[in-house]
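Q: Need the 3D shape of this:
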Amino acid sequence: MKSEVLHSLILGCFSLCVYYGYPNKAREVHEWTKLFMVHHWPATVCKEAENDCRDPPNYWTIHGLWPDKAEVCNRSWHFNLDEIKDLLPDMKQFWPDIIHSSPNRSQFWKHEWEKHGTCAAQLDILNSQKKYFGKSLDLYKKIDLNSVLLKFGIEPSNTYQISDIKKTLCSWYGVIPKIQCLPPEQEKAQIIGQIELCFTKNLELRNCTDPEVESTKKTLMDDVSSESPTLHVCDDGPAYYPPAEEPEN
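A: Below is the predicted model:
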């Protein structure tokens, strides 16, 4: 009996030490400081997935709104399509599942909510599914990336220096963006895949990284997974901006 009591006491003390004496890893994982508004280019999404997408959009669409360094904060808060019924016309246009067609279209939104939305919900302004998706759509429209790129003559089917694109976006938005690419194939240039702009918890634009640490971008800017095994922060140098539909060989 004494040994059983002693064993229970030891286990209890150990549990208390883990809870109070060590950093709370679960809590640390869910802490975040900024949001990434992630746009992806449909032609690159299809190329990366090696998927024969049907009529992919010819404009930048939403990949997600991602808190940095936080994923799946509430596993019990499941996605409910009924909560965003009013948003469906805009969701289908600006946040489509490029790779999967109906009836699995909502699986993409389910993934984004459960992985990222449950963490973003720490903010009152994002603390429901309707608020999270609705505010994401608002930010997408506010940024209006498609129009800005066209305004400065950055159009598909051309190759650009990554530094030039970043300078252009920085001059317009006043903050440093994050641009991700597919690695080059053989001797061809890397391929532009994602453009991200960052927001504070007050939903104000901010740098995705600090200017003075730009040279270490690969470690400091990859604090949010691209959700892709091949996309990476673009290298300085040329990058190909593919057409909406790649020509057949």
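
Q: Relative to the whole chain's centre, how far out is the top strand by length along the chain?
A: Using DSSP state E, we find that the single longest strand of the chain is strand 190-199. How far strand 190-199 lies from its chain's middle: 9 Å, per Cα atoms, centre = their mean, to the nearest Å.

Q: partner strands of that strand, parallel or antiparallel?
A: strand 35-40 (antiparallel), strand 178-182 (antiparallel), strand 205-206 (antiparallel), strand 238-241 (parallel) (DSSP bridges).

Q: For I143, find the nearest of the ones you listed.
A: Each of the strands paired with strand 190-199 was scored for nearness to I143 using Cβ to Cβ, and the closest is strand 35-40 (6.4 Å). Every residue, glycine included, has its C-beta placed from N, CA and C.

Q: Tell me the gap between the closest one and the middle of its chain.
A: For strand 35-40, the gap between its own C-alpha mean and the chain's C-alpha mean amounts to 4 Å (Cα atoms, centre = their mean).

Q: same check, this time on stretch 56-64
A: Relative to the chain's own centre, stretch 56-64 is displaced by 13 Å; criterion: Cα atoms, centre = their mean.

Q: List the buried residues in that stretch.
A: If you call a residue buried by 16 or more other Cβ atoms under 10 Å, then stretch 56-64 has these buried ones: 56-57, 59-64.

Q: ditto for stretch 125-143
A: Neighbour counts using 16+ other Cβ under 10 Å place 126, 129, 131-137, 139-140, 143 of stretch 125-143 among the buried residues.

Q: which ones among the residues you listed are found in helices?
A: Cross-referencing the buried residues of stretch 125-143 with the helices (criterion: DSSP state H) gives 129, 131-137, 139-140, 143 as the overlap.

Q: that older thread, ok, so of the buried residues of stretch 56-64, who is nearest P242?
A: For P242, the closest of the buried residues of stretch 56-64 turns out to be P56, at 10.8 Å, with distances computed as Cβ to Cβ.

Q: Distance check, the closest one against I195.
A: From P56 over to I195 the distance is 16 Å, taken as Cβ to Cβ, to the nearest Å.

Q: Kindly report the same for S228.
A: Relative to I195, and taking Cβ to Cβ, S228 is found at 14 Å.

Q: so what sits against both of the two?
A: Q180 (Cβ atoms under 8 Å, 6 or more residues apart in numbering).

Q: what residue ranges in the protein score low on pLDDT?
A: Using pLDDT under 70 as the threshold, the predicted model of the chain has low-confidence ranges 1-29, 101-104, 187, 211-226, 245-249.

Q: my read: P183 touches T230, true?
A: Yes: the criterion here is Cβ atoms under 8 Å, and P183 meets it with T230 at 6.5 Å.
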